[in-house]
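> The sequence and its predicted three-dimensional model are supplied below.
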Amino acid sequence: QVQLVESGGGLVQAGGSLRLSCAASGRTFSPSIMAWFRQAPGKEREFVAAINWNGDSTYYADSVRGRFTISRDNAKNTVYLQMNSLKPEDTAVYYCAGKGGIPTRTVSSYNYWGQGTQVTVSS
């Protein structure tokens, strides 16, 4: 079994930056596909970004492309989400997720989930 623990959330002003981390434990290696999702109050959980095993392929939602960067350090079993130029509409609980196989943007296809970290962007 894999446990995922997010950290790095907080309160930031619009235009600011945050870096989220997701540490995987419980196995000797992280899932091959790692992703970030987010869920705002009253809304469904939505895809933000994903990365493959060696980091040479990344995928982004249109709403964050050019502002967010996903990366991973397999030696540390950790995935990161660098968030720049944050907007109030980025406010949400951010979840780390993992799966095997091919990258997808579908919530239900991910096997492993963290507990989430709150990101609040003030205007």
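Perfect, I can see it now. Numbering: from 1, shown residues only.

> Any idea what the residue nearest the centre of the chain is bridged to?
Centroid-nearest residue in the chain, with C-alpha atoms, centre = their mean: residue 36, separated by 2.3 Å. Counting by DSSP bridges, residue 36 is bridged to residue 49, residue 96.

> Tell me the spacing between it and residue 123.
In this view, residue 36 and residue 123 are 23 Å apart by C-beta to C-beta, to the nearest Å. Heads up, the C-betas are built off the backbone N, CA and C, glycines and all.

> mind listing what the residue nearest to the centre of the chain touches?
Going by C-beta atoms under 8 Å, 6 or more residues apart in numbering, residue 36 touches 20, 22, 48-50, 70, 79, 81, 94-97.

> Mind giving me the ChimeraX command for buried ones among those?
Applying 16 or more other C-beta atoms under 10 Å to these, the buried members can be selected in ChimeraX as follows:
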select :20,22,48,49,50,70,79,81,94,95,96,97
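
> which one among the contacts of residue 36 gets closest to residue 59?
Residue 59 has its nearest neighbour among these in residue 50, at 4.5 Å by C-beta to C-beta.

> Return the per-residue confidence for the closest one.
Here the pLDDT value assigned to residue 50 is 98.

> show me what contacts it?
Counting by C-beta under 8 Å, 6+ apart, residue 50 touches 33-36, 58-59, 70, 103-105.

> pLDDT at the closest residue to it other than its chain neighbours, what is it?
Nearest residue to residue 50, sequence neighbours excluded (C-beta to C-beta, 6 or more residues apart in numbering): residue 35, at 3.8 Å. We have a pLDDT of 97 for residue 35.

> Cheers, nothing more for now.
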